[in-house]
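Asker: Give me the fold of what follows.
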Amino acid sequence: MSDDGLEERLHALTRAIDEELLRCGRDPGSATLVGIGKGQAPERLARAIEAGLSDLGESYLQEARRKLPLLPPVRKHFVGHLQTNKAKAVVAAFDVVQSVDRVEAADALSRAAVALGKELPVLLQVNISPAERFGCPPGQAARLAESLRAAPGLRLEGVMAIGPYTTEREAIMRAFELAAKTLAGIGGSTLSIGMSGDWREALQAGSTMLRIGEALFGRRTGGKT
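Answerer: Residues are numbered from 1 along each chain as shown. Take a look at the predicted model:
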């Protein structure tokens, strides 16, 4: 075990998540921790997986394709903005795509999944923050969900959203409650909300999947994890 505390942070974070779930009246283990590996060396990601991390998220295809073949078995989530011309490579490299925010992305993923003979779990990304560039407007989510459910090779499992860039708890909770309301409207079992700075609020709003980078792997430059 290395002396940088990665394994200890993973175990401490897992305990803290379960304790927060209990405080919310929910079962421990009912929220999946997805470690966000953006900017992290494959050796550190492998250590986290060997220490018990079962799900790994990556934002950039090129970076992921370098690292993923070097890792132990793990469920791989694509969480970045999807460029349609890279859909086939994303479907080949990942087990889940969390960031489907438009019909064009759904169509590209569907064609790729069919070509590869794969059923791909996907999440509909909804925009709940005025600072966020990507994501389907909540009012258009039902229409996009219909397209996803009709698309061959795709299986819509729920909603993903990125919280607002603020420390104001009320604003965070309002945004997360909008994501939860969107999930209730379109159906599904997965609500992927909550990052390093707002995962407690996310669990209180019903999150079933947390995407955490900095609180697990330590600080890196740029981005919100």
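Asker: Strands along this protein, start to end?
Answerer: 32-36, 55-58, 75-78, 96-100, 120-125, 154-160, 190-192, 209-212 (DSSP state E).
Asker: Quick one: those strands as JSON lines, columns for mean neighbour count and distance to residue 169 too.
Answerer: C-beta here means a position set from N, CA and C on the backbone, and glycine is covered the same way. As requested, the strands of the chain are exported to JSON lines (neighbours: other Cβ atoms under 10 Å; distance: least, Cβ to Cβ, whole Å):
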{"stretch": "strand 32-36", "mean neighbour count": "23", "distance to residue 169": "22"}
{"stretch": "strand 55-58", "mean neighbour count": "23", "distance to residue 169": "25"}
{"stretch": "strand 75-78", "mean neighbour count": "22", "distance to residue 169": "27"}
{"stretch": "strand 96-100", "mean neighbour count": "25", "distance to residue 169": "24"}
{"stretch": "strand 120-125", "mean neighbour count": "25", "distance to residue 169": "23"}
{"stretch": "strand 154-160", "mean neighbour count": "23", "distance to residue 169": "21"}
{"stretch": "strand 190-192", "mean neighbour count": "25", "distance to residue 169": "18"}
{"stretch": "strand 209-212", "mean neighbour count": "25", "distance to residue 169": "17"}
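Asker: Out of those strands, flag the one nearest residue 25.
Answerer: strand 190-192 (16.1 Å; Cβ to Cβ).
Asker: what distance separates that closest one from the middle of the whole chain?
Answerer: Taking Cα atoms, centre = their mean, to the nearest Å, one finds the center of strand 190-192 at 8 Å from the center of the full chain.
Asker: contacts for that strand?
Answerer: 34, 98, 123, 157-161, 179-180, 183, 205-211 (Cβ atoms under 8 Å, 6 or more residues apart in numbering).
Asker: and the closest residue to residue 183 other than its chain neighbours, what is it in contact with?
Answerer: The shortest distance from residue 183 to any non-neighbouring residue, by Cβ to Cβ, 6 or more residues apart in numbering, is to residue 159 (4.3 Å). Residues counted as contacts of residue 159 (Cβ under 8 Å, 6+ apart) are 123-126, 141, 179, 182-183, 186, 188, 190-193.
Asker: on that earlier part again, out of the strands of the chain, flag the one nearest residue 10.
Answerer: Once the strands of the chain are compared by Cβ to Cβ, strand 32-36 is nearest, at 7.9 Å.
Asker: For the closest one, enumerate its sheet partners and note whether each is parallel or antiparallel.
Answerer: Counting by DSSP bridges, the strands paired with strand 32-36 are strand 55-58 (parallel), strand 209-212 (parallel).
Asker: could the ones you listed be laid out in a markdown table, adding mean pLDDT?
Answerer: Formatted as a markdown table, the strands paired with strand 32-36 follow (pLDDT from 0 to 100):
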| stretch | mean pLDDT |
| --- | --- |
| strand 55-58 | 98 |
| strand 209-212 | 98 |
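Asker: got a markdown table for those strands, with distance to residue 130 too?
Answerer: Shown next, in a markdown table, are these (distance: least, Cβ to Cβ, whole Å):
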| stretch | distance to residue 130 |
| --- | --- |
| strand 55-58 | 24 |
| strand 209-212 | 20 |
